[in-house]
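1. Provided below for reference: sequence and predicted model.
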Amino acid sequence: MKSLRVMMVMFVLAFLTGGLAQAADMKIGYVDLAKVFDEYNKTKDYDVVLEQQHNKYVQERDTRLQKIKDAQGKLSLLKEEEKGKLQEQMEKDRQDLLQFDSQQQTELKKQRDEKIREILGEIEKVTKDYAEKEKYTLILNDRVLIYGGTDMNLTEQILKILNDGYKK
(Lines give C-alpha, C1' and ligand atoms only; values in the text may rest on other atoms or scores of the structure.)
Protein backbone atom coordinates (compact mmCIF):
# COMPACT_ATOMS: atom_id res chain seq x y z
CA MET A 1 0.00 0.00 0.00
CA LYS A 2 2.84 2.34 0.92
CA SER A 3 4.68 1.54 -2.29
CA LEU A 4 1.54 2.30 -4.29
CA ARG A 5 1.36 5.79 -2.76
CA VAL A 6 5.03 6.38 -3.44
CA MET A 7 4.58 5.31 -7.05
CA MET A 8 1.52 7.59 -7.45
CA VAL A 9 3.43 10.57 -6.04
CA MET A 10 6.37 9.83 -8.33
CA PHE A 11 4.03 9.55 -11.33
CA VAL A 12 2.37 12.90 -10.53
CA LEU A 13 5.76 14.58 -10.04
CA ALA A 14 7.07 13.14 -13.30
CA PHE A 15 3.96 14.33 -15.13
CA LEU A 16 4.20 17.83 -13.67
CA THR A 17 7.93 18.10 -14.32
CA GLY A 18 7.51 16.95 -17.90
CA GLY A 19 4.61 19.36 -18.40
CA LEU A 20 6.60 22.29 -17.00
CA ALA A 21 9.58 21.46 -19.18
CA GLN A 22 7.34 21.30 -22.22
CA ALA A 23 5.61 24.58 -21.28
CA ALA A 24 9.01 26.29 -20.99
CA ASP A 25 9.71 25.39 -24.63
CA MET A 26 6.46 26.95 -25.82
CA LYS A 27 6.54 30.19 -27.79
CA ILE A 28 3.35 32.15 -27.15
CA GLY A 29 2.09 35.44 -28.52
CA TYR A 30 -1.14 37.38 -28.83
CA VAL A 31 -2.77 39.75 -31.29
CA ASP A 32 -5.16 42.65 -30.67
CA LEU A 33 -7.68 41.49 -33.27
CA ALA A 34 -9.82 44.63 -33.08
CA LYS A 35 -6.81 46.86 -33.74
CA VAL A 36 -5.59 44.69 -36.61
CA PHE A 37 -9.06 44.67 -38.15
CA ASP A 38 -9.59 48.43 -37.75
CA GLU A 39 -6.13 49.46 -38.96
CA TYR A 40 -5.94 47.03 -41.89
CA ASN A 41 -5.98 49.13 -45.06
CA LYS A 42 -8.47 46.77 -46.70
CA THR A 43 -10.92 47.46 -43.86
CA LYS A 44 -10.44 51.20 -44.25
CA ASP A 45 -10.97 51.01 -48.01
CA TYR A 46 -14.07 48.91 -47.60
CA ASP A 47 -15.46 51.35 -45.02
CA VAL A 48 -15.26 54.06 -47.71
CA VAL A 49 -17.10 51.84 -50.22
CA LEU A 50 -19.74 50.94 -47.65
CA GLU A 51 -20.21 54.60 -46.74
CA GLN A 52 -20.69 55.49 -50.43
CA GLN A 53 -23.26 52.72 -50.84
CA HIS A 54 -25.07 53.87 -47.72
CA ASN A 55 -25.10 57.50 -48.92
CA LYS A 56 -26.50 56.41 -52.29
CA TYR A 57 -29.23 54.46 -50.48
CA VAL A 58 -30.08 57.44 -48.25
CA GLN A 59 -30.21 59.75 -51.26
CA GLU A 60 -32.58 57.41 -53.15
CA ARG A 61 -34.71 56.99 -50.02
CA ASP A 62 -34.92 60.75 -49.48
CA THR A 63 -36.01 61.24 -53.12
CA ARG A 64 -38.79 58.67 -52.72
CA LEU A 65 -39.86 60.16 -49.38
CA GLN A 66 -39.95 63.66 -50.86
CA LYS A 67 -42.22 62.41 -53.66
CA ILE A 68 -44.69 61.16 -51.04
CA LYS A 69 -44.51 64.44 -49.08
CA ASP A 70 -45.09 66.47 -52.24
CA ALA A 71 -48.15 64.37 -53.03
CA GLN A 72 -49.49 64.93 -49.50
CA GLY A 73 -49.13 68.68 -49.98
CA LYS A 74 -51.17 68.54 -53.20
CA LEU A 75 -53.88 66.36 -51.68
CA SER A 76 -55.93 69.18 -50.13
CA LEU A 77 -56.00 71.11 -53.42
CA LEU A 78 -57.50 68.33 -55.53
CA LYS A 79 -61.08 67.30 -56.28
CA GLU A 80 -62.43 64.16 -54.60
CA GLU A 81 -61.97 61.97 -57.68
CA GLU A 82 -58.36 63.05 -58.11
CA LYS A 83 -57.73 62.72 -54.34
CA GLY A 84 -58.64 59.05 -54.49
CA LYS A 85 -56.20 58.36 -57.31
CA LEU A 86 -53.44 60.32 -55.60
CA GLN A 87 -54.05 58.53 -52.28
CA GLU A 88 -53.80 55.18 -54.03
CA GLN A 89 -50.54 56.26 -55.66
CA MET A 90 -49.23 57.55 -52.31
CA GLU A 91 -50.07 54.24 -50.64
CA LYS A 92 -48.28 52.36 -53.43
CA ASP A 93 -45.27 54.69 -53.06
CA ARG A 94 -45.22 54.10 -49.26
CA GLN A 95 -45.26 50.34 -49.77
CA ASP A 96 -42.50 50.63 -52.38
CA LEU A 97 -40.47 52.74 -49.93
CA LEU A 98 -40.87 50.17 -47.16
CA GLN A 99 -39.83 47.37 -49.51
CA PHE A 100 -36.89 49.45 -50.79
CA ASP A 101 -35.75 50.15 -47.21
CA SER A 102 -35.95 46.50 -46.23
CA GLN A 103 -34.21 45.29 -49.38
CA GLN A 104 -31.39 47.85 -49.22
CA GLN A 105 -30.72 47.34 -45.51
CA THR A 106 -30.63 43.57 -45.98
CA GLU A 107 -28.28 43.88 -48.95
CA LEU A 108 -25.93 46.32 -47.18
CA LYS A 109 -25.81 44.08 -44.08
CA LYS A 110 -25.13 41.02 -46.22
CA GLN A 111 -22.28 42.75 -48.08
CA ARG A 112 -20.80 44.03 -44.82
CA ASP A 113 -20.97 40.60 -43.17
CA GLU A 114 -19.35 38.92 -46.19
CA LYS A 115 -16.51 41.46 -46.21
CA ILE A 116 -15.97 41.10 -42.45
CA ARG A 117 -15.70 37.30 -42.85
CA GLU A 118 -13.28 37.77 -45.75
CA ILE A 119 -11.07 40.18 -43.81
CA LEU A 120 -11.08 38.06 -40.65
CA GLY A 121 -10.16 35.04 -42.78
CA GLU A 122 -7.17 36.93 -44.20
CA ILE A 123 -6.08 38.00 -40.71
CA GLU A 124 -6.35 34.40 -39.51
CA LYS A 125 -4.33 33.08 -42.47
CA VAL A 126 -1.56 35.68 -42.07
CA THR A 127 -1.40 35.00 -38.32
CA LYS A 128 -1.22 31.24 -38.90
CA ASP A 129 1.51 31.63 -41.54
CA TYR A 130 3.45 33.95 -39.21
CA ALA A 131 3.12 31.46 -36.34
CA GLU A 132 4.44 28.62 -38.47
CA LYS A 133 7.30 30.69 -39.88
CA GLU A 134 8.36 32.06 -36.49
CA LYS A 135 7.77 28.74 -34.67
CA TYR A 136 5.02 29.93 -32.32
CA THR A 137 3.18 27.25 -30.38
CA LEU A 138 0.19 29.50 -29.66
CA ILE A 139 -1.03 32.90 -30.83
CA LEU A 140 -4.08 34.08 -28.95
CA ASN A 141 -6.67 36.76 -29.51
CA ASP A 142 -6.18 39.47 -26.88
CA ARG A 143 -9.82 39.15 -25.82
CA VAL A 144 -9.08 35.88 -24.04
CA LEU A 145 -6.13 37.32 -22.14
CA ILE A 146 -6.14 38.79 -18.72
CA TYR A 147 -2.51 39.78 -19.07
CA GLY A 148 0.10 39.49 -21.77
CA GLY A 149 3.55 41.03 -21.74
CA THR A 150 4.32 43.58 -24.44
CA ASP A 151 7.06 41.29 -25.75
CA MET A 152 4.32 38.76 -26.59
CA ASN A 153 2.17 41.28 -28.49
CA LEU A 154 2.39 40.48 -32.21
CA THR A 155 -0.26 42.99 -33.32
CA GLU A 156 2.09 45.37 -35.14
CA GLN A 157 3.93 42.56 -36.94
CA ILE A 158 0.68 41.01 -38.19
CA LEU A 159 -0.70 44.41 -39.19
CA LYS A 160 2.47 45.25 -41.12
CA ILE A 161 2.35 41.93 -43.03
CA LEU A 162 -1.32 42.49 -43.90
CA ASN A 163 -0.88 46.09 -45.05
CA ASP A 164 2.33 45.33 -46.97
CA GLY A 165 0.57 42.52 -48.81
CA TYR A 166 -2.63 44.47 -49.51
CA LYS A 167 -3.13 45.81 -53.00
CA LYS A 168 -6.16 47.95 -53.82
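-> Looks like it arrived, so ask away.
2. Tell me the gap between stretch 119-134 and the middle of its chain.
-> Centroid separation between stretch 119-134 and its chain, computed with CA atoms, centre = their mean, to the nearest Å, is 17 Å.
3. Give me the buried positions along it.
-> Within stretch 119-134, the residues that qualify as buried are 119, 122, 123, 126, 127, 130, 131, counting by 16 or more other CB atoms under 10 Å. Placement of C-beta: from N, CA and C, glycine included.
4. Could you tell me which residues make contact with the last one?
-> I take that to be residue 131. 29, 138, 139 (CB atoms under 8 Å, 6 or more residues apart in numbering).
5. Where strands are concerned, which of these count?
-> Among the contacts of residue 131, the ones falling in strands (DSSP state E) are 29, 138, 139.
6. And the second one, how close does it get to residue 127?
-> The span separating residue 138 from residue 127 equals 11 Å under the rule CB to CB, to the nearest Å.
7. now do residue 117
-> 16 Å.
8. cool, residue 73 as well?
-> 58 Å.
9. give me the element the nearest residue to residue 94 once chain neighbours are set aside is part of.
-> Spatial nearest neighbour of residue 94, excluding adjacent residues (CB to CB, 6 or more residues apart in numbering): residue 68 at 6.2 Å. With secondary structure defined by DSSP states H and E, residue 68 is part of helix 41-75.
10. Packing partners of that helix?
-> Applying 3 or more CB pairs under 8 Å, 6 or more residues apart in numbering; DSSP states H and E, one finds that helix 41-75 makes contact with helix 80-133, helix 155-165.
11. quick check: angle from that helix to helix 80-133?
-> Here helix 41-75 runs at an angle of 170 degrees relative to helix 80-133 (axes from the mean of the first three to the mean of the last three CA atoms, to 10 degrees).
12. tell me the mean pLDDT over helix 41-75?
-> On average, the pLDDT along helix 41-75 is 91.
13. starting at the chain centroid, how far to that helix?
-> From the chain centre to the centre of helix 41-75 is a distance of 23 Å (CA atoms, centre = their mean).
14. in the chain, which residue is closest to the centre?
-> residue 116 (4.1 Å; CA atoms, centre = their mean).
15. Residue 93 touches residue 71, doesn't it?
-> Yes - in this structure, residue 93 is within contact of residue 71 by CB atoms under 8 Å, at 7.2 Å.
16. Between these two, which contacts overlap?
-> Joint contacts of residue 93 and residue 71 (CB under 8 Å, 6+ apart) do not exist.
17. Among the ones in strands among the contacts of residue 131, which one sits closest to residue 64?
-> residue 139 (49.1 Å; CB to CB).
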